[in-house]
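Participant: Quick check, what structure comes out for this input:
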Amino acid sequence: MLKIKLALAALSLVASTTLANATDVTLWVRTSSGAVLQGLADHYNASHSDKIVVTQITAEQMVPKLGAAIAGGAAPDGAVLDLIYLPTFAAADGLEDITEFVKSRPYASAMSPSHIRLATYEDKIYGVPALPDASIIAYNTDLFEKAGLDPNKAPASLEEIAADAKKIAALGNETYGFYFVANSGSWLIYDFLPHLWAAGADILTEDGRTATVDTPALRETIAAYRDMWKAGAIHPTSRSGNGNNAVEAFASGKVGVLMTGSYIVNLLTSKYPDVKFAVAPIPGPKGGASSFAGGDTLAVMKGIDEEKKKVLLDFVDFYMTPEQQVYITKESGMPSRTDLAGDAYASFDKRNLVSYDILSKARTPYTFSSDELFVSRTGPFVNLIQGAIFGEDVDGSIKTAQDAFTKVLERTNP
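Facilitator: Numbers count the residues shown, from 1 in each chain. Predicted coordinates:
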């Protein structure tokens, strides 16, 4: 009996020592990604003594709350936030340099290039992909067939989309060939800018410090959109809507081509199973293909305790395993790694592979003033689209945008 008591006491001591050494790591995530990150944390916590404690922050409040927390010395240990804000937080010295960790990972080459680019500042890496997504087009194969188009052949250029859209609109009965969200900067950088990238152009220089608005690719893209608008081929709510009815409009069978994102495949198949559709990368005016690399990046906060940093990076290694990547794909639609197609999509709709494959070519604007340039409803990017596509003065709209971009960049560049 004495031996048993001593053994139990020893086990109790080991357990208490283990618990004493266990580390809780706080991780802030956007509510839009909260369920998936909480699930991953639960999986991790179930097999580790150290714990990931997830706190969900309303998406619109994540950036200001995180900024205030960093300034007040009360930041979480890590944060999963929209990748477009990584340059701003890195330039403000709010994030921990994890370059060595990223480059040493066996899956380093499989991380979304745009997520790593946006997490890089002055040659140091401050984040890793968490929950990526990509923009694509979806097209109604029934409408293509009714309009005399090949339903098995995706439009290979924006000019081809415009021609197809006009043929579909000619079917009448309130049928439209094209739908995009023109009154939301968040949507526009997601589905309009890839036309430029597919043509080898951009609206900002590589370092994000100079505006390059007026390019042949931009003018050709605007010309194709204006052509569709004047022909009555664009759904009328595209001009003023915020995107809330975009999927429903497409699912109604009255829209030929929808500018959308990687989520569309699983959403349509689950909620609108009768819709016949295919998906494709976003083409440039005359060809090529690109996409907006969106979604979340996990960043470690500056000055984190070394033990907590170790746990947080171990969590990254955990969710990058094939098993957890399959879970992410099931819950979110796209894995964090670009080398696991067979594992990630083995039991899912193979149309998801279009987004998966284009992610390696996808881009994201590298900027320190994303909200002011792109997101603001009164900002220069939304004004450019509204004026150049729906207005009468294309040259004036482009010049005004170039000047406005330049003023913002001169004031906000670090």
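Participant: drop to CA atoms for contacts and neighbour counts, all remaining ones
Facilitator: Noted.
Participant: Let me know the pLDDT of Asp343.
Facilitator: pLDDT recorded at Asp343 is 89.
Participant: let's number from 186 now, not from 1
Facilitator: Got it, the first residue is 186 from now on, which makes the last one we talked about Asp528.
Participant: Surely it touches Ile513?
Facilitator: No: in terms of CA atoms under 8 Å, Asp528 does not count as a neighbour of Ile513; the distance is 11.5 Å.
Participant: Please say which of the two ends up with more neighbours.
Facilitator: Taking Asp528 and Ile513 together and counting by other CA atoms under 10 Å, Ile513 has the greater number of neighbours (24 against 15).
Participant: Where does the prediction get shaky in the stretch 186-335 of the chain?
Facilitator: For the stretch 186-335 of the chain, the stretches flagged by pLDDT under 70 are 186-205.
Participant: what do you get if the cut-off is 80, keeping everything else the same?
Facilitator: Residue ranges of the stretch 186-335 of the chain with pLDDT under 80: 186-206.
Participant: Quick one: the strands in it, in order.
Facilitator: With DSSP state E, counting those that start in this stretch, the ranges of strands along the stretch 186-335 of the chain come out as 209-215, 236-242, 263-267, 305-306, 309-310, 312-325.
Participant: so of these, which one's packed in deepest?
Facilitator: Neighbour counts (mean count of other CA atoms under 10 Å) averaged over each of these peak at strand 312-325, with a mean of 26.
Participant: packing partners for that strand?
Facilitator: On a contact count with 3 or more CA pairs under 8 Å, 6 or more residues apart in numbering; DSSP states H and E, strand 312-325 meets helix 298-303, helix 370-376, strand 440-446, strand 462-465, strand 467-468, strand 478-485, helix 537-543.
Participant: Pro401: which of the ones you listed is closest?
Facilitator: Across the helices and strands packed on strand 312-325, Pro401 has its closest neighbour in strand 467-468 (15.2 Å, CA to CA).
Participant: partner strands of that closest one, parallel or antiparallel?
Facilitator: Strand 467-468 has its sheet partners listed here by DSSP bridges as strand 474-475 (antiparallel).
Participant: Tell me who's in contact with Ala384.
Facilitator: Contacts for Ala384 (CA atoms under 8 Å, 6 or more residues apart in numbering) come out as 402, 469-474.
Participant: would you list every one of the helices in the stretch 336-485 of the chain?
Facilitator: With DSSP state H, counting those that start in this stretch, the ranges of helices along the stretch 336-485 of the chain come out as 343-354, 370-376, 378-383, 401-415, 431-436, 449-456.
Participant: For these, give me a markdown table that also has mean pLDDT.
Facilitator: Putting those into a markdown table (pLDDT from 0 to 100) gives the following:
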| stretch | mean pLDDT |
| --- | --- |
| helix 343-354 | 98 |
| helix 370-376 | 95 |
| helix 378-383 | 98 |
| helix 401-415 | 98 |
| helix 431-436 | 96 |
| helix 449-456 | 93 |
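Participant: and those, which is most packed in?
Facilitator: With neighbours taken as mean count of other CA under 10 Å, the helices of the stretch 336-485 of the chain reach their highest mean count in helix 378-383, at a mean of 27.
Participant: Mind giving me the packing neighbours of that one?
Facilitator: When contacts are defined as 3+ CA pairs under 8 Å, 6+ apart, helix 378-383 sits against helix 401-415, strand 467-468, strand 474-475.
Participant: would you turn the ones you listed into JSON lines with distance to Ala295?
Facilitator: Conversion of the helices and strands packed on helix 378-383 to JSON lines gives the following (distance: least, CA to CA, whole Å):
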{"stretch": "helix 401-415", "distance to Ala295": "30"}
{"stretch": "strand 467-468", "distance to Ala295": "22"}
{"stretch": "strand 474-475", "distance to Ala295": "18"}
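Participant: how about those, which one is nearest Asp534?
Facilitator: Nearest of the helices and strands packed on helix 378-383 to Asp534, taken as CA to CA: strand 467-468 at 19.6 Å.
Participant: was I right about Asp327 contacting Asp459?
Facilitator: No: under the contact definition of CA under 8 Å, Asp327 does not touch Asp459, with a separation of 10.8 Å.
Participant: Please say which of those two ends up with more neighbours.
Facilitator: Asp327 (16 against 12).
Participant: Could I get the contacting residues of that one?
Facilitator: Counting by CA under 8 Å, 6+ apart, Asp327 touches 336, 461-462.
Participant: can you pick the most crowded of the residues you listed?
Facilitator: Highest neighbour count within the contacts of Asp327, by other CA under 10 Å: Phe462, with 24 neighbours.
Participant: Break this structure down into its structural domains.
Facilitator: Per automatic domain parsing, the structural domains of the chain span 187-318+479-546, 320-477+552-597.
Participant: looking at those domains, which is buried most?
Facilitator: The densest packing among the domains of the chain, expressed as mean neighbour count by mean count of other CA under 10 Å, is seen in domain 320-477+552-597 with a mean of 20.
Participant: got the end-to-end distance for that domain?
Facilitator: Distance across domain 320-477+552-597, first residue to last, is 28 Å (CA to CA, to the nearest Å).
Participant: What ranges does the stretch 486-599 of the chain have for its helices?
Facilitator: With DSSP H, counting those that start in this stretch as the criterion, the stretch 486-599 of the chain has helices at 491-504, 507-517, 526-529, 537-543, 555, 565-575, 579-597.
Participant: how about the ones you listed, which one is nearest Trp372?
Facilitator: Checking these against Trp372 by CA to CA gives helix 565-575 as the closest, at 10.0 Å.
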